[in-house]
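S.K.: structure for the following, please:
(2 chains)
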Amino acid sequence: MKKRINLEGVKHVVKLANLPLTDTEIKKFTSQLSEVIGYNMSLLEKVDTKGVEPTAHITGVSNVLREDETEPSLTSKEALQNAKETHNDFFKVKAILDLPDEASAKVGQ
Amino acid sequence: MELVKLSLKKAAAGLKSKKFSSKELTEAVLKRIENLEPKVDAYLLLTNELAERQAEKADQLIADGQAASPLNGVPVAVKDVIVTKGIRTTAASKILEDFIPPYSATAYEKLESAGMVMLGKTNHDEFAMGASTENSAYKITKNPWDFSRVPGGSSGGSAAAVAADMCVYSIGTDTGGSIRQPASFCGVVGLKPTYGRVSRYGLIAMASSLDQIGPITKTVEDATLVLNVIAGYDPRDSTSVNKEVPDFSDFLKQGIKGLKIGVPKEFFGEGVDYQVAEAIKKAIVRLESLGARAVEMSLPRTKEAISVYYLVMPSEVSANLARYDEIRFGAGRDKFGPEVKRRIMLGTYALSTGYYDAYYLKAAKVRTLIYQEFQDAFKKVDVIAGPVSPILPFKIGERVDDPLQMYLADILTVPVNLAGLPGISIPCGLISGLPVGLQVIADHWQEGKIFNVAYAYEQNFPFTEKPNLYSA
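M.R.: Next up, the predicted model:
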């Protein structure tokens, strides 16, 4: 059951976590992840949890709904006030599709 | 009369009877901050002008006979992980260095409505991740009892500011002990309310199933006064619970004769400094002398709580901090500090394909067992008592390179968060000049029982020592 945490595995996690880490940081985290998760699992593996339901939160409250009514909220100016880049009252984001130059020029219009 | 030393209760009484004005009180506290901030480093931002404006308004309300809340005109410090409209909020992180919130947290709005005087935003570990305030991206707060030691964390600035009389009371947050442990280290009172008691709306999320806002104060009664204001259901936080909020001051005067206090042997076991254990045992004997009955008991799952916590919490961290995408607010993800990166990595790993069942789910199941163990315990006892921290305030830099050692500082506080229970730290003595906190834990929604016990202790065995801030 015990899995060793290796450098390749950690590099995959770095990608999932979208963290720009240096090689030194990745190496350091590899050993620290091993240590912390190894310590945690060494204790938890000994606990019998057969038939035990997991607890994600404690209050038991679920699916809280509200009336579908409009109410005052942030103005677009307020919502955008902390954005580094905006365009015509929208957040500006990096392109996620590679478009040919001509097409992207059109999108930009 | 030294205005800065007043408790919230006494400050409120003085303001009401017009012995002094909010303006005078506020100016005295701001002067105190000016003198001591270079030594203590409790604040990330001071809002002097706002404080002066609010003090004038509070004085006007008093003059008009319109001041309703004991918080009216009393200066408060707020942890910088709570968003404040128009006032820079950084979460002690470089990623939010220039973040100006477009709205305020519900707890903060409630303080505003009560007539608070806002002094500024206090320092803490980045995104509230830490037990020493050393993880702040901006400064290290010093323990007012010994400037070479940490104030605890993550609400270290909030606790140090109260201990050094650099505010009358403060607001902190507690995910795994972040109110109680710094309160213990700084010799002040810190309450973590029941999960769902205080709205988390506008609290910058670290681990959503564990985070809770609470007061850090000079006395137990002060904590009731603050909780009276900030508690309550909030439609904007769907995890806050629609539960009647009592007047918590009502629980202060009932005595503790016949009350059953559970004393778990695990709270005095391996890893707990024997001096701390002795001080807490003495405090429990004192409670017995007031008519309470101490009952030895066992919470065997205590030893796994830290392991559950350091899988559940980072998992929630990795999801919550995915929002920092450099698009809507904040800088790039390279601006996260080392502890934040470590927890995002831990959590992402624990939730990733092939590991979710073995790590996160396993931890969530053991969490159920911890919760059930407390439920069973509270069928037999009214409250549970023990130390807050297994160790005394440690030296700055001593544990910073060893994450596992730092994490073990939380062993006696995290079970309370995992089970969603309320818990308090009250000062119960000094060891070699350093404060020790007594932790009192109760069942869900039973903050009243905690106040009852804590107040009885405080009234009969008052902690009157003060740090000597002008010696070093």
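
S.K.: CA only for contacts and neighbour counts going forward, please
M.R.: Noted.

S.K.: where does chain A have low pLDDT?
M.R.: A:1-4, A:101-109 (pLDDT under 70).

S.K.: what's the closest non-adjacent residue to the most centrally placed residue in it?
M.R.: Most central in chain A under Cα atoms, centre = their mean is residue A:17, positioned 6.0 Å from the mean C-alpha point. Spatial nearest neighbour of residue A:17, chain neighbours left out: residue B:348 (6.1 Å); criterion: Cα to Cα, 6 or more residues apart in numbering or on different chains.

S.K.: contacts for the strand or helix carrying residue A:42?
M.R.: Using DSSP states H and E, residue A:42 sits in helix A:23-44. Residues from elsewhere that reach helix A:23-44, judged by Cα atoms under 8 Å, 6 or more residues apart in numbering or on different chains: A:4-7, A:10-11, B:304, B:306-308, B:310-311, B:342, B:345-346, B:359, B:362-363, B:366, B:403-404.

S.K.: just the CA trace of it, in PDB.
M.R.: C-alpha atoms of helix A:23-44 as PDB (Å, rounded to 0.1, in the frame of the first residue of the first chain):
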ATOM      1  CA  ASP A  23      14.000  22.500  -9.800                       C
ATOM      2  CA  THR A  24      15.400  23.100  -6.300                       C
ATOM      3  CA  GLU A  25      11.900  23.600  -5.000                       C
ATOM      4  CA  ILE A  26      10.600  20.500  -6.700                       C
ATOM      5  CA  LYS A  27      13.500  18.400  -5.100                       C
ATOM      6  CA  LYS A  28      12.800  19.900  -1.700                       C
ATOM      7  CA  PHE A  29       9.100  19.300  -1.900                       C
ATOM      8  CA  THR A  30       9.700  15.700  -3.100                       C
ATOM      9  CA  SER A  31      11.400  14.800   0.200                       C
ATOM     10  CA  GLN A  32       9.000  16.900   2.300                       C
ATOM     11  CA  LEU A  33       5.900  15.400   0.700                       C
ATOM     12  CA  SER A  34       7.400  12.000   1.400                       C
ATOM     13  CA  GLU A  35       8.100  12.800   5.000                       C
ATOM     14  CA  VAL A  36       4.700  14.400   5.800                       C
ATOM     15  CA  ILE A  37       2.500  12.000   3.900                       C
ATOM     16  CA  GLY A  38       4.600   9.000   5.100                       C
ATOM     17  CA  TYR A  39       4.100  10.200   8.700                       C
ATOM     18  CA  ASN A  40       0.400  10.800   8.300                       C
ATOM     19  CA  MET A  41      -0.300   7.400   6.500                       C
ATOM     20  CA  SER A  42       1.800   5.500   9.000                       C
ATOM     21  CA  LEU A  43      -0.800   6.400  11.600                       C
ATOM     22  CA  LEU A  44      -3.900   6.400   9.500                       C
END
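
S.K.: where in chain B is pLDDT low?
M.R.: Short version for chain B, where the test is pLDDT under 70: B:471-472.

S.K.: from the centre of it, point out the most distant residue.
M.R.: Distance-from-mean max, chain B, by Cα atoms, centre = their mean: residue B:354 at 36.3 Å.

S.K.: circling back: which among the contacts of helix A:23-44 count as buried?
M.R.: Burial by neighbour count, 16 or more other Cα atoms under 10 Å in any protein chain shown: within the contacts of helix A:23-44 this picks out A:5, A:10-11, B:304, B:306-308, B:310-311, B:342, B:345-346, B:359, B:362-363, B:366.
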